[in-house]
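>>> Quick one, fold the following:
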Amino acid sequence: MTIKIKLTELLAQNLKFPESTNLQQRGIADKIEDACNEIIKANFENVKPPRSRKSTEDISIGDTYIDHKTSDESLDFKMPNLISVDTLRKLDHELIYNFVVYNSAKREIVKTFALSLYELNWDHLAIQNLGTGQLQIKNMKAFLESPVSSMTKEQWRAKLQEQVVAFYEKLMTKTKKRQDQWQYWN
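Numbers count the residues shown, from 1 in each chain. Have a look, this model is predicted:
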């Protein structure tokens, strides 16, 4: 059984909506992510904490990074950041996103599923202007309707390269325009 399948099954069976009195969205998400980590520690071998506070992973299973992404379906619009394109380029281990959809109004876990980075559907991804560029889900509700790509890993990586190059082209054009506005300011 793959890590993704086992992780999805374990969380579906064991993850419960946390006590959340007086908590905002991030506080609820933190409690859910902590609960995911506890379930992982109890059910997998060779589990390691994140390498640092800013690591890509929330936890590792062997040499596989696991990054939890929570989403409150009771909120209207979300554009979650996934990973810096610079970090993605240097990625040296498999990265699995563990998605947990919950509903804070109903106080329930709606569903969980795990996908490899290279399985994410490019129809719902974009590179946004944060740092060196950030891979982001454009609209979480639309993503949840069709999260899985039909691309191979090689096709996915080629699409990433194409999108990052296009992102930097647009960024150079914007930056040049801004520079020109200041150069000719009177």
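
>>> mind listing the strands in the protein by residue range?
Under the criterion DSSP state E, the chain contains strands at 47-48, 59-61, 64-72, 81-84, 94-103, 108-116, 125-128, 134-137.

>>> now these as a markdown table including mean pLDDT?
Shown next, in a markdown table, are the strands of the chain (pLDDT from 0 to 100):
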| stretch | mean pLDDT |
| --- | --- |
| strand 47-48 | 94 |
| strand 59-61 | 95 |
| strand 64-72 | 94 |
| strand 81-84 | 92 |
| strand 94-103 | 94 |
| strand 108-116 | 94 |
| strand 125-128 | 93 |
| strand 134-137 | 94 |
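
>>> can you redo these as JSON lines with mean neighbour count?
Using the backbone N, CA and C atoms, a C-beta is placed for each residue, glycine as well. JSON lines is the format used below for the strands of the chain (neighbours: other Cβ atoms under 10 Å):
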{"stretch": "strand 47-48", "mean neighbour count": "14"}
{"stretch": "strand 59-61", "mean neighbour count": "21"}
{"stretch": "strand 64-72", "mean neighbour count": "21"}
{"stretch": "strand 81-84", "mean neighbour count": "17"}
{"stretch": "strand 94-103", "mean neighbour count": "20"}
{"stretch": "strand 108-116", "mean neighbour count": "18"}
{"stretch": "strand 125-128", "mean neighbour count": "17"}
{"stretch": "strand 134-137", "mean neighbour count": "20"}
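
>>> which one of those lies closest to K159?
strand 125-128 (8.7 Å; Cβ to Cβ).

>>> Can you list the strands that the closest one pairs with?
Within its sheet, strand 125-128 is paired with strand 134-137 (antiparallel), according to DSSP bridges.

>>> Now do the partner strand: everything it contacts.
78-85, 88, 120, 124-128, 143, 160 (Cβ atoms under 8 Å, 6 or more residues apart in numbering).

>>> quick one: the helices in this structure?
Secondary structure of the chain (DSSP state H): helices at 3-14, 25-43, 85-89, 140-145, 153-183.

>>> worst average pLDDT in the ones you listed?
Comparing mean pLDDT across those, the weakest is helix 25-43, with a mean of 88.

>>> outside of that helix, which residues touch it?
Contacts of helix 25-43 (Cβ under 8 Å, 6+ apart): 6-7, 10-11, 14-20, 23, 47, 58-59, 61, 66, 68, 70, 72, 75, 98, 100, 102, 104, 109.

>>> residues contacting the closest residue to A114 other than its chain neighbours?
In space, A114 comes closest to K4 once its chain neighbours are excluded; the distance is 4.1 Å by Cβ to Cβ, 6 or more residues apart in numbering. By Cβ under 8 Å, 6+ apart, K4 lies in contact with I96, A114, L115, S116.
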